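S.K.: Sequence and predicted structure are below.
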Amino acid sequence: MLITRYKNNPILTKDDVPYPVATVHNAAVVKHNGKYIMIFRSHKLNGRSILGKAISNDGYNFKADAAPFMVPATEGVFKEYEAYGIEDPRIVFLDGEYLITYSAYSKHGVRIGLAKTKDFENIERFSLITEADYRNVVIFPEKINGLYVRLDRPHSEISPWSIWISYSPDLKYWGESKLIMKPVQYHWDEMKIGPGAPPIKTSRGWLNIYHGVFPTMDGSVYRLGTALHDLVDPSVIIAVSDEWILQPEEIYEITGYVHNVVFCCGAVPENDGSVKIYWGAADKVMCVGTAMIEELVDHCLENYRSAM
Ligand code: BMA
């Protein structure tokens, strides 16, 4: 098995949150000053989402803050575009600060907001970095060829939702966008795919943990897979693993707020070559598992399908 589920999953649920929420899921996790910081999504009891924060010494036992970390903006340009809630954060550390990308929902659709923080106390909303409709924006943790790079997932009416790449000189203006990876028909990810955790640098390429969706008579199933991107030109995909690396199997993944979902927004590489992979289970609780990074890369290279 590539991913070993932590024995005490789920690691964070609504019962651990001191304010009223219906769910705790789809969280970003980073290491900051030796502690693990989790920024998680919660549905409020009106069905709209906010972001909370929890802290841990070991990456497994988290304690949630007394109050939410980010709620929809009440002023400025963000107010209009976050009115229906903020969801599914991803975080990278770059140039001395943490960049948080999140989905901003409103009557105009879903856009991606970029906020910055140095300490997870003071947050500055920087810019809305897409128009509608985009979700799942992950920024690479370093500039490549002098530019910031992101993977993103625009919605489309005529093509299955796919992974694109875009570049920016300043994090504000993005362009040179290019489609790089598509779902494969009658494959576990045939309906849509989207970036999951921010890419992890390895000697053999950038490891991209993504999610794929398969439609069934009983609704959609969300699973996780991997792709490997060229280190110098990440628009080049070296391989996409033919098999998923994680699927809903445990009871808390099969039933919840939305059944049959494992959804990843964050992974923390460790010095011993392992990675802690975090996933929201059934859109209701947070889970973690561990894998060896080189084994994930081997798995991707051993048996792969085409990127398109
Ligand atoms: C997607 C998003 C995710 C969610 C998933 C499964 O479209 O809404 O936030 O985890 O569906 O419900």
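M.R.: It's in.

S.K.: Specify the local secondary structure of the residue of the stretch 101-250 of the chain at minimum distance from the ligand.
M.R.: Proximity of the stretch 101-250 of the chain to the ligand (Cβ to the nearest ligand atom) peaks at Y222, 5.4 Å away. The way it works is simple: take the backbone N, C-alpha and C, and place the C-beta from them, glycine included. Following DSSP: H, G, I helix; E, B strand; the rest coil, we place Y222 in the strand state.

S.K.: Show the model's pLDDT score for L296.
M.R.: Listed pLDDT for L296 reads 98.

S.K.: list the contacts for the closest residue in space to it that isn't next to it in sequence?
M.R.: Nearest residue to L296 in three dimensions, chain neighbours excluded: T226, at 5.6 Å (Cβ to Cβ, 6 or more residues apart in numbering). By Cβ atoms under 8 Å, 6 or more residues apart in numbering, the residues touching T226 are 207-210, 240-241, 245, 296-297, 299-300.

S.K.: so of those, which ones are in helices?
M.R.: 296-297, 299-300 (DSSP state H).

S.K.: Quickly note the distance from the residue most central in space within the chain to the ligand.
M.R.: For the chain, C265 is the residue whose C-alpha lies nearest the centre (Cα atoms, centre = their mean; 2.2 Å). Distance of C265 to the ligand, given as Cβ to the nearest ligand atom, to the nearest Å: 9 Å.

S.K.: Also I86?
M.R.: 11 Å.

S.K.: Next: R41.
M.R.: For R41, the distance to the ligand - Cβ to the nearest ligand atom - is 7 Å.

S.K.: and that residue, bridged to which residues?
M.R.: H25, L51 (DSSP bridges).

S.K.: can I assume it is in contact with E87?
M.R.: Yes: between R41 and E87 a contact is recorded at 5.3 Å, counting by Cβ atoms under 8 Å.

S.K.: And those two? Which one has more around it.
M.R.: Using other Cβ atoms under 10 Å as the criterion, R41 and E87 rank with R41 on top: 27 against 22.

S.K.: Show me what from the protein comes close to the ligand.
M.R.: 26, 87-88, 222, 258, 261, 263, 280, 283 (Cβ under 6 Å from any ligand atom).

S.K.: ok, which pair from these is furthest apart?
M.R.: Across these, the longest distance by Cβ to Cβ is 14.5 Å; it joins E87 and Y222.

S.K.: Now do the strands in the stretch 1-150 of the chain.
M.R.: 4-5, 25-32, 35-43, 49-56, 62-64, 85-94, 97-106, 109-117, 123-128, 134-139, 148-154 (DSSP state E, counting those that start in this stretch).

S.K.: can you list these in CSV and add mean pLDDT and distance to M217?
M.R.: Formatted as CSV, the strands of the stretch 1-150 of the chain follow (pLDDT from 0 to 100; distance: least, Cβ to Cβ, whole Å):
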stretch, mean pLDDT, distance to M217
strand 4-5, 98, 27
strand 25-32, 98, 25
strand 35-43, 98, 26
strand 49-56, 98, 28
strand 62-64, 98, 37
strand 85-94, 98, 27
strand 97-106, 98, 28
strand 109-117, 98, 27
strand 123-128, 98, 38
strand 134-139, 98, 25
strand 148-154, 98, 25
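
S.K.: any chance of those strands in a markdown table, plus distance to T13?
M.R.: Shown next, in a markdown table, are the strands of the stretch 1-150 of the chain (distance: least, Cβ to Cβ, whole Å):
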| stretch | distance to T13 |
| --- | --- |
| strand 4-5 | 16 |
| strand 25-32 | 9 |
| strand 35-43 | 10 |
| strand 49-56 | 11 |
| strand 62-64 | 10 |
| strand 85-94 | 18 |
| strand 97-106 | 21 |
| strand 109-117 | 25 |
| strand 123-128 | 25 |
| strand 134-139 | 24 |
| strand 148-154 | 28 |
